[in-house]
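**Student:** Below is the sequence, then the predicted model.
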Amino acid sequence: MIHVCPFSVSAIDQNYIFASLNSEDRSEVVISMETIQISGGENIVTQGQDGDYFYIIESGSLTVLVDNKPVATLTAGQSFGELALLYNSPRQATVRADSAASLFSLDRETYRFIVAQSSSNRNLEIKKALGRVPILVDLTDDQLDKIVDAVEVFPYKAGEVIITKGQVGNIFYM
């Protein structure tokens, strides 16, 4: 049975590095996370060391230290280490468990795989949809691919106003 932190979904939804993922892919991130148990006094990450994991706190209290000086306290539902998923750079702080803690972790390789898969699936869906737009049917695959790269998907709820008569338009909707 997969143990999912009740905070994971909201922590993922609120973190900018997951903004490009749709809800299905964000769920895949949550499912891909591993549970780890940390003892009190143990460092989860150490300033200056390379980082390759992102963490969400399920339980416990953690202290963030910069140059061995406490700068913040993190508790259940909060996350840290997201830059490690994007960049191969040294940790900017040490994070130490104040007491026993339970965390969920996600490694860089899994994150990148999910993002790449999500991007590929999104582009295929957009290309398929654009192929049904009458003014675009005569474009070559290369031309269509360039449009796919420029497209932004904006979800709208039923009844929501998209265009208002009389307003200047600067977006081409399909």
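**Tutor:** Cool, got the structure.
**Student:** all contacts plus neighbour counts: C-alpha atoms, from now on.
**Tutor:** OK.
**Student:** Might you calculate how far stretch 139-159 sits from the centre of the chain?
**Tutor:** 21 Å (C-alpha atoms, centre = their mean, to the nearest Å).
**Student:** any chance you could map the strands in this structure?
**Tutor:** 34-38, 43-45, 53-59, 62-66, 69-74, 79-80, 94-97, 101-107 (DSSP state E).
**Student:** just checking, what packs against the first one?
**Tutor:** Here strand 34-38 touches strand 101-107, going by 3 or more C-alpha pairs under 8 Å, 6 or more residues apart in numbering; DSSP states H and E.
**Student:** how does it look with 10 Å?
**Tutor:** strand 53-59, strand 101-107 (3 or more C-alpha pairs under 10 Å, 6 or more residues apart in numbering; DSSP states H and E).
**Student:** Also the shortest one?
**Tutor:** For strand 79-80, the helices and strands in contact under the criterion 3+ C-alpha pairs under 10 Å, 6+ apart are helix 8-13, strand 53-59, strand 101-107.
**Student:** What residues are recorded as beta-bridge partners of Leu103?
**Tutor:** Ile36, Ile57 (DSSP bridges).
**Student:** I'd like to know which of the strands of the chain lies nearest to Ser118.
**Tutor:** strand 101-107 (16.5 Å; C-alpha to C-alpha).
**Student:** So, low pLDDT: which residues of the chain?
**Tutor:** Residue ranges of the chain with pLDDT under 70: 1-11, 13, 16.
**Student:** Please, where are all the helices along it?
**Tutor:** Assigned by DSSP state H, the chain shows helices spanning 8-13, 23-32, 83-86, 108-130, 141-150.
**Student:** Now the terminal residues of stretch 157-174, how far apart.
**Tutor:** Stretch 157-174 has an end-to-end distance of 16 Å (C-alpha to C-alpha, to the nearest Å).
**Student:** list the buried ones in it?
**Tutor:** For stretch 157-174, burial by neighbour count (16 or more other C-alpha atoms under 10 Å) applies to no residue.
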